[in-house]
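Enquirer: Could you look at this predicted model? Sequence included:
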2 protein chains.
Amino acid sequence: MAKDTYHHGSLREALLDAAEDDLRQSPEAVPSVRSLAAKLGVSSTAPQAHFRTKSDLMTALAVRGFERLSAALSETETLRGLAEAYIGFAQDNLGIYRLMFSTGTRLDGDQQLREVSRTAYDTLRAEIARLFPNATERERNERTLAAWAVVHGLATLASEGRLSSEAADDTRPATLARIAADMVGGVTETA
Amino acid sequence: MAKDTYHHGSLREALLDAAEDDLRQSPEAVPSVRSLAAKLGVSSTAPQAHFRTKSDLMTALAVRGFERLSAALSETETLRGLAEAYIGFAQDNLGIYRLMFSTGTRLDGDQQLREVSRTAYDTLRAEIARLFPNATERERNERTLAAWAVVHGLATLASEGRLSSEAADDTRPATLARIAADMVGGVTETA
DNA sequence: GGTATAACTATGCAGTGCAAACTTTGCAAT
DNA sequence: ATTGCAAAGTTTGCACTGCATAGTTATACC
């Protein structure tokens, strides 16, 4: 993965790849810029040419994450499917998922991040609208918000290992998704 | 807040107080141990006598947070009140709240943390049991989990400023709590 | 009143992000 | 082809971090 020419050619992407790789191998440790540079056989400050700050790098990674999440969501139709995809994504991409919703990653700072984040949300909103055609605009908004919150909450708590010992022993995406969908859709509307 | 004697006397508590103070003033920046020591007029490594690692200090702070959260929850009765208290706590104690659910703070490592975390959860569980007396054990478990997830999800998303621009403009605890309670309690059961 | 020990200091190390100044390279215009 | 220039990468260095280690001081206990 080291470079042999002076110009790496695609250091920007390589950095993101490397960061993602590290994050996948140990999701609890945010990789240092220096370690990424070292792994790519490049000087410690080379990344600065592509990302002004570390935070910028992480934000770029978060954008990647949202894109992939959106892709995963758009592959399903049902509410339960969406929930399962969301929770599954969180569990399979724990490091990036944390980054996507971490404090450092501010939505207001990055235009691209805001857009790609909105895309994912709109997918959910559309499904809610389909499920509750008679609801008012406001009801739909609130239901969408609540739906997102349950799913996001479950995904987060499960990923951080907060459910294991007390709240739930079965933390598989499918199981949690069922619980979430039951709560949002209600028993009546599903029929 | 500086010491004049060689032995500070209550450095442990002072460190926690100082950390909480910093966290309250700028919730997005986790204070450094060194800065806390400096603020208390104590050498950089003095804290090590009381907390083996920084993570230990943060965990102790998280315990404080759970205690206070439990106290806030126990002051109300209704589901909606619980939700409002929870969300309000998150917004008013953003720094500590993040710490309580951050990756570094592992439940499995600290006995005390596990207990105090469970206490808060049990309060919610009791209320759910009261609301749904006819539900099976399993149903109650699932509803409790879902309830926690919505509330926690809303609290987290609101605190991190993830709702503002797209999902909800009104992020006041009372409003979010109503949405959460509606979802959990359903319209039928509330009557 | 001595002494073990908990609480604190001093020093130092490895790592971190980042700024600043410099060097190499590719590309584009002449 | 030559030159000029901007982009990409290097070197150096600074301030800060957590933490290990070794030495110092005061306090509590017998």
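Expert: Perfect, thanks for sending it.

Enquirer: For the helix or strand of chain A with the lowest mean pLDDT, name the packing helices and strands.
Expert: Ranked by mean pLDDT, DSSP states H and E, the weakest helix or strand in chain A is helix A:173-190, scoring a mean of 80. The elements that helix A:173-190 packs onto, with contact taken as 3 or more Cβ pairs under 8 Å, 6 or more residues apart in numbering or on different chains; DSSP states H and E, are helix A:79-92, helix A:111-131, helix A:137-159, helix B:137-159, helix B:173-190. Quick note: C-beta positions are derived from backbone N, CA and C, even for glycine.

Enquirer: Next, the angle helix A:79-92 makes with that helix.
Expert: For helix A:173-190 against helix A:79-92, the angle by axes from the mean of the first three to the mean of the last three Cα atoms, to 10 degrees is 160 degrees.

Enquirer: Extract the CA atoms of helix A:173-190 and return them as CSV.
Expert: Output of helix A:173-190 as CSV, limited to C-alpha atoms (Å, rounded to 0.1, in the frame of the first residue of the first chain):
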residue,chain,number,x,y,z
PRO,A,173,-30.8,-6.6,13.8
ALA,A,174,-33.8,-8.6,12.8
THR,A,175,-35.1,-8.9,16.3
LEU,A,176,-34.6,-5.2,17.2
ALA,A,177,-36.1,-4.2,13.9
ARG,A,178,-39.2,-6.1,14.7
ILE,A,179,-39.5,-4.4,18.0
ALA,A,180,-39.0,-1.0,16.4
ALA,A,181,-41.5,-1.7,13.6
ASP,A,182,-44.1,-2.9,16.0
MET,A,183,-43.8,0.2,18.0
VAL,A,184,-44.0,2.6,15.1
GLY,A,185,-46.4,0.8,12.8
GLY,A,186,-48.6,-0.3,15.6
VAL,A,187,-50.5,-3.6,15.4
THR,A,188,-53.5,-2.0,13.7
GLU,A,189,-51.9,-0.3,10.8
THR,A,190,-49.7,-3.3,9.9
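
Enquirer: related to what we said a few turns ago, in TSV: the helices and strands packed on helix A:173-190, plus distance to A:Thr105.
Expert: TSV is the format used below for the helices and strands packed on helix A:173-190 (distance: least, Cβ to Cβ, whole Å):
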stretch	distance to A:Thr105
helix A:79-92	15
helix A:111-131	7
helix A:137-159	14
helix B:137-159	13
helix B:173-190	22
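
Enquirer: Ok, which of those comes nearest B:Leu113?
Expert: Across these, B:Leu113 has its closest neighbour in helix A:137-159 (15.0 Å, Cβ to Cβ).
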